[in-house]
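Peer 1: Provided below are the primary sequence and the corresponding predicted coordinates.
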Amino acid sequence: MERPKQSQEQICHHFQEHLEKLAADFTELHRHVLLLTEERGTLEREAAHLRQRLANYGPPGENQKPIAPPLLPIALREATPPDCLESQFEEAFGLDAGKGHAVPNPKLTKVSEEEAERYRSSKLLSRSNSGLSNMAKALNLDQVLHFVASSGPGFIIVMNTLAMGIAVDNDPDSPGWAYLELFFALCYLLEFTVKLHMLGVSGYFCGADARWNLFDFFCLLLSISDVTLVFLVMAEAVNFSIGSASVIKVARLARLMRLIRTLHFEFFSELRTILLGVFCGLRVLFWAIVLLFIIIYIFGIGMATIADDEEEFSTLPASMFTIFRCLTEGCNAYDGTPLPERLRKSTFQDVGGLFMIGYILVFMLVSVGIFNLIMAIFLDNVVSEQTLRKQKELAESALKSEVAIKRAVAQIISDEDSVAVIPDNLEMLDLKHQSKALERSLSTLDVTVTRDRFAQWLAHEDFVETLEGASVDTSIRTQLFDILDADSGGLLSIDELISGLMSMRGHVTKGDIIAMSLKVRYVSQQVEILSNGEQPQVPSKRRSLTE
């Protein structure tokens, strides 16, 4: 019985030694993988640098001296340089034996020179060191139309509203104001034409901004009707009567509805936040008014009963209004004398001290206590609603932000490596297909992002603006790479970079904290199981709570 037991112990001992050897081999393999990954990043940077130099050199002229490619970086990567180093460079860079100059190898050149130039002319993001010429190339007709349709109308509406205010006190019936209103109406008509050209009829009336577009179209019809009626009256084509004047005044007042449109523009986002906060707090404000009315009603009945000989408290409405004035502004009688002092000397002459104490307590209770409590509840409700609205907007704009980040990354890679990454006619697709097209284009590139390369990307103003537009906090630029590099490998893949940036959108929510707590609890349980020498549990198929 002892020999089988000893043989079993020997087998376990040999098996344990084998596992320890495998663990040591795995550690060594992991170290070599890290070294190879680091070497791969170095090779990619050098290859990108060489391709950039080849693109800058171009084919030399007749009188230009041949420029040999740099040999030092490749020679340093090997302990002993190969014997056929020149033949390898002839194959890599296409050295012409007869002329001795470098010709770009078509295997290494991703796109032709015409395609690269056509791609550069359609780029949307300019590099941080680009000049006015690159900016001029980046601007095309669609971008100009988009800027005019998105930013110009807001300023036109503000100018139109200011002109209406100036015209009220400066001869509003003058023909000059009519011609100025005609100019604004033509601007609105131009905006409608541009947006209709960009979106199409179905996209304008049935797209994502269909409600705003319908409101714009309604305001445009009002402006055209107003201008038409004014010029008909000026030309005496219609009889000017009281009815015509009333219609013109109503049409002029209807122009003020265009101010609502300014809330849709990004320039007025803070104003939109304030107004939405006020509307969200209307429910709380209503109940605050009810509470204040109850207090004023109770004290109004008491003062109308006790001091009914005073004119300010002769009736219940007069008593309530007087108490409201005493709580919100100067508590004076109708003749201008201090009302509390007069009541203390006349009506409450016998208990003047108690009256003053009661007056001070009521004033402090309402003015300092209830009013501040109402303000605190109102602000808390506004902040809570704004947070929920912001989270909802982040969820709704997730696809748009993902497309913007992918496009920015693709543009920077295209500029650095002179490779056309952004597909043609990308603007013709919707956001979902744009995301898939960019993902396919980026997946074909074997590109990894190092710390230095990511720091160079953060130096691009357009890339930073894209991240800020996606609600990614860019104030921690120095720690941003460490946050995204979850495995601390020193390299980021494109998928890891984009998914990490998307997960950093917005502020920390209660759901993020709960998810982190659940993950920490699960890891703690697994560590405790391993410390007890047990086999860690692998999550299997979920079971229902009733099982």
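Peer 2: Here it is on my side, so go on.
Peer 1: So which residues make contact with stretch 403-412?
Peer 2: Contact partners of stretch 403-412, identified using C-beta atoms under 8 Å, 6 or more residues apart in numbering, comprise 123-125, 421-422, 426, 431, 434-435, 438-439, 441-442, 457, 460, 462-463, 466-467, 469-470, 494, 497-498, 501-502. From N, CA and C alone the C-beta is placed, and that goes for glycine too.
Peer 1: Repeat the analysis, applying 7 Å as the threshold.
Peer 2: 123-125, 421-422, 431, 434-435, 438-439, 441-442, 457, 460, 462-463, 466, 469-470, 494, 497-498, 501 (C-beta atoms under 7 Å, 6 or more residues apart in numbering).
Peer 1: quick one: least confident helix or strand in the chain?
Peer 2: helix 72-75 (a mean of 36; mean pLDDT, DSSP states H and E).
Peer 1: Walk me through the domains of this structure.
Peer 2: If you go by automatic domain parsing, the domain ranges for the chain are 2-112, 152-264, 282-395, 398-507.
Peer 1: Report the buried residues of the strand or helix carrying Pro340.
Peer 2: For Pro340, the element it lies in under DSSP states H and E is helix 339-345. Across helix 339-345, burial judged by 16 or more other C-beta atoms under 10 Å covers Leu339, Pro340, Arg342, Leu343, Arg344.
Peer 1: do stretch 478-489 as well
Peer 2: Leu480, Phe481, Leu484, Asp485.
Peer 1: Same question for stretch 300-311.
Peer 2: Gly300, Met303, Ala304, Ala307, Glu310.
Peer 1: Likewise for stretch 172-187?
Peer 2: Residues Trp177, Ala178, Leu180, Glu181, Leu182, Phe184, Ala185, Cys187 are the ones in stretch 172-187 that count as buried (16+ other C-beta under 10 Å).
Peer 1: so where's this protein shaky on pLDDT?
Peer 2: Scanning the chain for pLDDT under 70 picks out 1-8, 12-15, 51-151, 236-255, 264, 266-267, 535-547.
Peer 1: still on that earlier bit, okay, the buried residues of stretch 300-311 in CSV with secondary structure and distance to Pro172 next?
Peer 2: Formatted as CSV, these follow (DSSP: H, G, I helix; E, B strand; the rest coil; distance: C-beta to C-beta, whole Å):
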residue, secondary structure, distance to Pro172
Gly300, helix, 45
Met303, helix, 49
Ala304, helix, 48
Ala307, coil, 51
Glu310, coil, 48
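Peer 1: can you list contacts of the host helix or strand of Met502?
Peer 2: Under the criterion DSSP H and E, the helix or strand holding Met502 is helix 494-503. If you take C-beta under 7 Å, 6+ apart as the criterion, helix 494-503 is touched by Ser401, Glu402, Ile405, Lys406, Val409, Leu442, Val447, Val449, Leu467, Val472, Leu484.
Peer 1: Show only the entries of those residues found in helices.
Peer 2: Those of the contacts of helix 494-503 mapping onto helices are Ser401, Glu402, Ile405, Lys406, Val409, Leu442, Leu467, Leu484, per DSSP state H.
Peer 1: Which of the residues you listed sits closest to His32?
Peer 2: Of all those, His32 sits closest to Leu484, with 24.6 Å by C-beta to C-beta.
Peer 1: So Cys280 sits against Val382, correct?
Peer 2: Yes: using C-beta atoms under 7 Å, Cys280 makes contact with Val382 at a distance of 5.8 Å.
Peer 1: Tell me how many other residues crowd the residue nearest to Ile157 when sequence neighbours are not counted.
Peer 2: Ranked by C-beta to C-beta, 6 or more residues apart in numbering and with sequence neighbours excluded, the top spatial neighbour of Ile157 is Arg258, at 4.8 Å. Applying other C-beta atoms under 10 Å, we find 22 residues neighbouring Arg258.
Peer 1: Quick check: Arg258 vs Thr193, distance?
Peer 2: Between Arg258 and Thr193 the distance is 17 Å, computed by C-beta to C-beta, to the nearest Å.
Peer 1: quick one: contacts for Ile156?
Peer 2: Phe184, Cys187 are the contacts of Ile156 under C-beta under 7 Å, 6+ apart.
Peer 1: Can you show me the strands along the stretch 351-500 of the chain?
Peer 2: Ranges of strands in the stretch 351-500 of the chain, per DSSP state E, counting those that start in this stretch, are 448-450, 491-493.
Peer 1: what does the first one rub up against?
Peer 2: The list of residues contacting strand 448-450 from outside it, by C-beta under 7 Å, 6+ apart, reads Gly41, Glu44, Gly490, Leu491, Leu492, Ser493, Leu497.
Peer 1: From those residues, list the buried ones, please.
Peer 2: Gly41, Glu44, Leu491, Leu492, Leu497.
Peer 1: I'd like the ones in helices among the contacts of helix 494-503 as JSON lines, with distance to Leu229 appended.
Peer 2: Formatted as JSON lines, these follow (distance: C-beta to C-beta, whole Å):
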{"residue": "Ser401", "distance to Leu229": "46"}
{"residue": "Glu402", "distance to Leu229": "49"}
{"residue": "Ile405", "distance to Leu229": "50"}
{"residue": "Lys406", "distance to Leu229": "51"}
{"residue": "Val409", "distance to Leu229": "54"}
{"residue": "Leu442", "distance to Leu229": "57"}
{"residue": "Leu467", "distance to Leu229": "50"}
{"residue": "Leu484", "distance to Leu229": "61"}
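Peer 1: from those residues, which two are the most distant?
Peer 2: Farthest apart among these - using C-beta to C-beta - are Leu442 and Leu467, which lie 16.9 Å from each other.
Peer 1: who has more neighbours, these two?
Peer 2: With neighbours defined as other C-beta under 10 Å, Leu442 and Leu467 compare such that Leu467 has more, 23 against 20.
Peer 1: wait, what's in contact with the more buried one?
Peer 2: Leu467 touches Thr474, Leu501, counting by C-beta under 7 Å, 6+ apart.
Peer 1: and with 8 Å instead?
Peer 2: Ile405, Ala408, Thr474, Leu501.
Peer 1: Check Leu491 too.
Peer 2: Thr37, Glu38, Gly41, Thr448, Val449, Thr450, Asp485.
Peer 1: quick one: which of those residues is most hemmed in?
Peer 2: Note: the member of these with the most neighbours is Val449, at 22 neighbours, neighbours being other C-beta under 10 Å.
Peer 1: if I look at Val33, how far off is Glu46?
Peer 2: 20 Å.
Peer 1: Among the two, which residue is more densely surrounded?
Peer 2: Glu46 (14 against 11).
Peer 1: what helix or strand is the more buried one on?
Peer 2: Assigned by DSSP H and E, Glu46 falls in helix 2-57.
Peer 1: and if you look at Phe192?
Peer 2: Applying DSSP H and E as the criterion places Phe192 in helix 175-206.
Peer 1: Mind listing what's buried along the very next helix or strand once past that helix?
Peer 2: Remark: after helix 175-206, the chain's next helix or strand is helix 210-234, criterion DSSP H and E. Residues of helix 210-234 classed as buried: 213, 215-217, 219-220, 222-223, 226-227, 229-230, 233 (neighbour count, 16+ other C-beta under 10 Å).
Peer 1: what helices or strands is helix 210-234 leaning on?
Peer 2: Counting contacts by 3 or more C-beta pairs under 8 Å, 6 or more residues apart in numbering; DSSP states H and E, helix 210-234 packs against helix 175-206, helix 242-254.
Peer 1: To Phe378, which of those helices lies closest?
Peer 2: Per C-beta to C-beta, nearest to Phe378 of these: helix 242-254, 30.8 Å.
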